[in-house]
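1. Just the structure for this:
(one chain, ligands or ions: 1)
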Amino acid sequence: MIKIPKDIKSSNSEWEELRKNWTADSQIGRTIKFLNEAYDSVQKAINIVDKSNAKGYDRLISLDLGKSKAELENLSSGRELLEGFCEEIHVELEKSIDSPFALKMSEFTDDVFSINPEEIITTQVDINGKLKDVSLYNMIKPALKDSDLGKNFEKGLKNQLRSVTKEPSDTLKNAMVKSIVQAYKGVDVTTASDDDKKRMIKYYEQLYPVNVELMDKFLKPLSSNQANQVDIWNIKFIAYGSPEPYHSAIFLTLPQVKLKDNTNSNKSQRYEGLGKREIYVNFNSIGDCRTFFHEVGHAVDHQLGSPFVYLSADLFNTLESDVFGHIEGIISDYSNDNANDEEAVLEAFKYNGDPVNLTTQQRVIYDEVVGKYQDNWINVKEYITITDTYGGFTENKLIIVPIKGTRALYGHDVINSEGEAYWYNEKKDKPTGAQNREFFANNFADIVMYQGASIKNNAIYYPNSTIEMDEMAKNAVYFQK
Ligand SMILES: [Zn+2]
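-> As a prediction, the model looks like this:
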């Protein structure tokens, strides 16, 4: 990972100041020179006294100046060393810190801006003193390419670059992330290249360190196994690039929930809410991440709701009217405008309705409607959200092949693995609410994973609910932030 903040600043003039303290002409240099002269002078005196046989100077002759000479030489070479050090260190710092930094910055901006250079615009005063819009890219690119980075940075670009290199301002940060994310919009995680994923993750993590911490903590149970490395990339790629308000919703939810391995359990993958807040997924088959983000969707739905109620509970009535409104429309295509037949067939589709009560003519309409939905939903993967919850509102009558009596399309069974009614509570004589929870989780997964075809279909089959869910999530995120 590139570390953008650069703590060491190397200024040539500062080092030049220091170098001057160690030149031969400096006070220190001159002192050493003076000591050397003193040594030579004393040595000369000793030699003269030694040769002249002068009496009474024995103590002078016995002076051992050898050590002093070695120390003076050390002092002298030390001074030269320091002078050379001060002279070279700036060049050295440029080579080992500034230039790699400049290069990385250059790569970084190249990457970011080449994706969407028009996104990032700033204003600059032109020669005539007028403000003009300049792409920040054009502004800083020449400076970044220059090896003498420090000087150019400090000239005029200081403020703009501070926001890039130190703490990106919210506006700039958002613009940068937006421009990266923009490039990956509609990119299915299964078709994105590893390079794309790594690049997106790398830049996101530079810009949102707090979210990285939350994500890494959440994924810890998964990351202990090297085999899940690709899964982690995929999960991060999806979560980081997800659109608002769901992006914020994910990071509001992560600190509240625990991730658990469901691999060796005989229960299905799921989210357990009340009292637990745990996401159970099979670590050995995360695959395209859809189930993973479906379960995250349940957790988000729970987190955004009030403590005991899922946010999507408020969506139930809209969902119900979207579903039965749509079914009514299809019925009218086959009913020859007979209001009684229309009414009877619609009732038969409802939770506790039953087609056995229909007249022969009505049964024909009923079967035609089922057949029509089956034909429309032939591309199973693009209708997961719809088949699951249209099943939920009709006790799976629309997703059962009438003749074979088996479930042909994606959905939850009417009776779950614990033997409980999944969609409709007979005792209480009302729907369980799994309808709205499954819609939220499925639609959430489609949205955060940019499943374009599914999103389009969801809007057709749930014209009001899809809009309402976005609005509700937006408000809930706003109040929780
Ligand atoms: Zn679910």
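
2. if I read this right, Lys481 contacts Ala249, doesn't it?
-> No. Using CB atoms under 8 Å, Lys481 is not in contact with Ala249; the gap is 9.9 Å. Placement of C-beta: from N, CA and C, glycine included.

3. Pick out whichever of these two has more residues nearby.
-> Ala249 (27 against 10; other CB atoms under 10 Å).

4. And what about the spatially closest residue to Arg290 that is not a sequence neighbour, helix, strand or coil?
-> Distances taken as CB to CB, 6 or more residues apart in numbering place Ala445 nearest to Arg290, at 5.5 Å, with adjacent residues excluded. Here Ala445 is recorded as helix under DSSP: H, G, I helix; E, B strand; the rest coil.

5. what about Ala445, how many residues close to it?
-> 24.

6. OK, contacts around it?
-> Listed by CB atoms under 8 Å, 6 or more residues apart in numbering, the contact partners of Ala445 are 290, 293-294, 296-297, 451.

7. Phi, psi for Cys289 please.
-> Dihedral pair for Cys289: phi 80, psi 0, per degrees, to the nearest 10.

8. quick one: it from Asn282, how far?
-> In this view, Cys289 and Asn282 are 12 Å apart by CB to CB, to the nearest Å.

9. Just give me how far the helix or strand harbouring Ile48 sits from the chain centre.
-> Assigned by DSSP states H and E, Ile48 belongs to helix 27-52. From the chain centre to the centre of helix 27-52 is a distance of 72 Å (CA atoms, centre = their mean, to the nearest Å).

10. Low-confidence regions, the stretch 351-481 of the chain specifically.
-> Filtered on pLDDT under 70, the stretch 351-481 of the chain yields the residue ranges 400-408.

11. All the strands of it, residue numbers only.
-> Counting by DSSP state E, counting those that start in this stretch, the stretch 351-481 of the chain has strands at residues 424-425, 430-431.

12. what's in contact with the host helix or strand of Lys220?
-> Per DSSP H and E, Lys220 falls inside helix 209-223. Identification of contacts with helix 209-223 by CB under 8 Å, 6+ apart yields 204-205, 228, 231-232, 235-236, 239-240, 251, 254-255, 257-261, 283, 286.

13. in that helix, what counts as buried?
-> 211-212, 214-215, 218-219, 222 (16 or more other CB atoms under 10 Å).

14. any idea of the mean pLDDT for it?
-> Mean per-residue pLDDT for helix 209-223: 93.

15. from what I can see Ile250 touches Val448, true?
-> Yes. Counting by CB under 8 Å, Ile250 touches Val448, with 7.4 Å between them.

16. Which one of these two is surrounded by more residues?
-> A count of neighbours by other CB under 10 Å puts Ile250 above the other of Ile250 and Val448, at 26 against 22.

17. Can you tell me how far that one is from Glu347?
-> Taking CB to CB, one finds Ile250 at 40 Å from Glu347.

18. ok so, going back, can you tell which of the strands of the stretch 351-481 of the chain is closest to Arg79?
-> Evaluated over those, closeness to Arg79 peaks at strand 430-431, with 89.0 Å, by CB to CB.

19. helices or strands next to that closest one in the packing?
-> Using 3 or more CB pairs under 8 Å, 6 or more residues apart in numbering; DSSP states H and E, the elements in contact with strand 430-431 are strand 424-425.

20. Report the contact partners of Tyr310.
-> Contact analysis of Tyr310 by CB under 8 Å, 6+ apart lists 273, 298, 301-302, 433, 436-437, 440.

21. okay, among those residues, which ones form the most distant pair?
-> Across the contacts of Tyr310, the longest distance by CB to CB is 13.5 Å; it joins Gly273 and Asn436.

22. Which one's more surrounded, these two?
-> A count of neighbours by other CB under 10 Å puts Asn436 above the other of Gly273 and Asn436, at 26 against 18.

23. Okay, that one and His412: tell me how far apart.
-> The value you get for Asn436 to His412, if CB to CB is used, is 13 Å.

24. now Leu63: how far from Asn53?
-> Distance from Leu63 to Asn53, by CB to CB: 17 Å.

25. The two: which has the busier surroundings?
-> More neighbours surround Leu63 than the other of Leu63 and Asn53, with 12 against 7 (other CB under 10 Å).

26. if I pick the more buried one, what's in contact with it?
-> By CB under 8 Å, 6+ apart, the neighbours of Leu63 are 42, 46.

27. Let's verify it: helix, strand, or coil?
-> coil.

28. One more: Ala192?
-> For Ala192, the assignment made with three-state DSSP gives coil.

29. what's Lys258 sitting at in phi/psi?
-> According to degrees, to the nearest 10, Lys258 has phi -120, psi 140.

30. Isn't it up against Glu272?
-> No. At 9.6 Å, Lys258 does not count as touching Glu272 under the criterion of CB under 8 Å.

31. Quickly list what's touching both of these two.
-> What both Lys258 and Glu272 touch, as defined by CB under 8 Å, 6+ apart, is the set Glu278.

32. out of those two, which sits in the more crowded spot?
-> Between Lys258 and Glu272, Glu272 has the larger neighbour count (other CB under 10 Å), namely 18 against 14.

33. in the sheet, who's paired with the more buried one?
-> Glu278 (DSSP bridges).

34. Neighbours of the nearest residue to Ile386 once chain neighbours are set aside, how many?
-> Excluding its sequence neighbours, the residue lying closest to Ile386 (CB to CB, 6+ apart) is Tyr461, at 4.7 Å. Here the count is done by other CB under 10 Å, and Tyr461 has 21 residues near it.

35. For Tyr461, give me its contacts.
-> Tyr461 neighbours (CB under 8 Å, 6+ apart): 322-323, 326, 386, 390.

36. for stretch 453-467, the distance to its chain's centre please.
-> On CA atoms, centre = their mean, the centre of stretch 453-467 falls 26 Å from the chain's centre.

37. how long is it end to end?
-> Taking CA to CA, to the nearest Å, the first and last residues of stretch 453-467 lie 17 Å apart.

38. Pull out the buried positions in it.
-> Result for stretch 453-467 [16+ other CB under 10 Å]: buried residues 454-455, 457-458, 461-462, 465-466.

39. next one: stretch 309-317
-> Quick answer for stretch 309-317 (16+ other CB under 10 Å): 310-313, 315-316.

40. what's the most distant pair in those?
-> Going by CB to CB, the pair spanning the buried residues of stretch 309-317 furthest: Leu311 and Phe316, at 11.2 Å.

41. ok, back up a step: any idea which of the strands of the stretch 351-481 of the chain is most buried?
-> strand 424-425 (a mean of 17; mean count of other CB atoms under 10 Å).

42. Tell me which strands it pairs with, and in which orientation.
-> Strand 424-425 is paired, per DSSP bridges, with strand 430-431 (antiparallel).
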